[in-house]
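K.L.:
Sharing a model that was predicted from the sequence below.
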Amino acid sequence: MKVKGLMAQNQFNFVFQLLVRAFAIPGNPTILVIDDLQWADKASLDLLRALVIGSKTNPILVIECYRENEISDVHPLSAHLQYMKGWKIPLTEIQVGNLTKDEVNTLLSDVMNESFPRSKSLSNVVYRKTCGNALLVKQLIMTLWNEGLLVFSFHDRIWRWNIKLIESKGIPDDAAGLMAKKILCLSSDVQMVLMGMA
């Protein structure tokens, strides 16, 4: 007998719960990280809710990540979060904002093993172009390195960069621009597959 609609969804939720329970046993805790929940549909959120509520006795930690600025009070995720709070499930909310200019400088000086004053010129440009968005900071640094604008001198054992050259290179200031530039570096076959998925 083939089931449809709500019954099929409930069966799928149940089977998924059994799968997670098979892994989340005493002595073997499981961590499930779900990112970008602001894009989740109601069925996916229902599955997640069933998993969390049905796993109260299992050693499972569910980390739900979303961009707060992309949801409203009428968004399905808002209803999901309110429902979870109603079940008195222990929730810890952590708001992660952008890095400050000093934090970007600390990050770069730590990664490059450079002094704060020396990495300041680079971190100022990186901060200005990324507004401290951690993903963009990482992508921009990788782009600078890939394009030879950030290089390590094995002879002098220091990192080198030229701010004027970085500024003149026309590196995009936003996530979409950076990602588009990376996609254009891929082979035409891969680009066609990505266009087909969009």
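P.N.:
Yep, that arrived. Keep in mind the model is a prediction, meaning the values are calculated, not measured.

K.L.:
in this protein, what spans have low per-residue confidence?
P.N.:
Along the chain, the model assigns pLDDT under 70 to residues 1-3, 55-57, 171-176, 178, 197-198.

K.L.:
which stretches of it form helices?
P.N.:
5-23, 42-54, 76-86, 101-112, 116-130, 134-146, 163-168, 175-184, 188-197 (DSSP state H).

K.L.:
what's the angle from the fourth one to helix 116-130?
P.N.:
For helix 101-112 against helix 116-130, the angle by axes from the mean of the first three to the mean of the last three C-alpha atoms, to 10 degrees is 120 degrees.

K.L.:
got JSON lines for the helices of the chain, with distance to residue 93 too?
P.N.:
The way it works is simple: take the backbone N, C-alpha and C, and place the C-beta from them, glycine included. As requested, the helices of the chain are arranged in JSON lines below (distance: least, C-beta to C-beta, whole Å):
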{"stretch": "helix 5-23", "distance to residue 93": "23"}
{"stretch": "helix 42-54", "distance to residue 93": "15"}
{"stretch": "helix 76-86", "distance to residue 93": "9"}
{"stretch": "helix 101-112", "distance to residue 93": "21"}
{"stretch": "helix 116-130", "distance to residue 93": "25"}
{"stretch": "helix 134-146", "distance to residue 93": "18"}
{"stretch": "helix 163-168", "distance to residue 93": "37"}
{"stretch": "helix 175-184", "distance to residue 93": "24"}
{"stretch": "helix 188-197", "distance to residue 93": "33"}
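
K.L.:
Spatially central residue for the chain, please.
P.N.:
With the centre of the chain defined as its mean C-alpha position, the nearest residue by C-alpha atoms, centre = their mean is residue 35, 6.5 Å away.
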